[in-house]
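**Student:** show me the folded form of this:
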Amino acid sequence: MGVATWHCAFNIYDDADDSSIEWSTNASGIFPKYRTPRIGIFRRYYEIGQTGQSLY
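**Tutor:** Residues are numbered from 1 along each chain as shown. Sure, this is the predicted structure:
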């Protein structure tokens, strides 16, 4: 695509009510997975996703 990026992350929803698993990578490699609290903008992303609306 020709776009220079420095980091990319994905939130993966699971059975936890208050957090998501985040998986991320950059040019140096893949980082260990960690949990992201489902607060602020992460809560909003989750709520919109649950309605089936597109975030794009």
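**Student:** using PDB, write out every CA atom in the longest strand seen in the chain.
**Tutor:** Taking DSSP state E as the criterion, the chain has its longest strand at strand 19-26. Provided in PDB are the C-alpha atoms of strand 19-26 (Å, rounded to 0.1, in the frame of the first residue of the first chain):
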ATOM      1  CA  SER A  19     -11.000  -6.000  28.900                       C
ATOM      2  CA  SER A  20      -9.800  -7.300  25.600                       C
ATOM      3  CA  ILE A  21      -6.700  -9.100  24.500                       C
ATOM      4  CA  GLU A  22      -4.400  -6.800  22.500                       C
ATOM      5  CA  TRP A  23      -2.000  -8.200  19.900                       C
ATOM      6  CA  SER A  24       0.500  -5.900  18.400                       C
ATOM      7  CA  THR A  25       3.600  -5.700  16.100                       C
ATOM      8  CA  ASN A  26       6.000  -3.400  14.500                       C
END
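**Student:** partner strands of the next helix-or-strand element following it and their direction?
**Tutor:** Moving toward the C-terminus from strand 19-26, the next helix or strand (DSSP states H and E) is strand 29-30. Using DSSP bridges, the strands paired with strand 29-30 are strand 19-26 (antiparallel).
**Student:** how about the strand it pairs with: buried residues?
**Tutor:** 19, 20 (16 or more other C-beta atoms under 10 Å). The C-beta positions use only the backbone N, C-alpha and C, and glycine is treated the same way.
**Student:** next, the residue positioned nearest the centre of the chain: phi, psi?
**Tutor:** With distances taken as C-alpha atoms, centre = their mean, the residue of the chain nearest its centroid is residue 11 (2.4 Å). Per-residue torsions, residue 11: phi -90, psi 130 (degrees, to the nearest 10).
**Student:** who touches it in this structure?
**Tutor:** 20, 21, 22, 36, 42, 45, 46 (C-beta atoms under 8 Å, 6 or more residues apart in numbering).
**Student:** try 6 Å this time
**Tutor:** For residue 11, the contact set (C-beta atoms under 6 Å, 6 or more residues apart in numbering) comprises 20, 22.
**Student:** how much space between the nearest residue to residue 9 once chain neighbours are set aside and residue 51?
**Tutor:** Nearest non-adjacent residue to residue 9, counting by C-beta to C-beta, 6 or more residues apart in numbering: residue 24, 3.7 Å away. Using C-beta to C-beta, to the nearest Å, we find residue 24 at a distance of 25 Å from residue 51.
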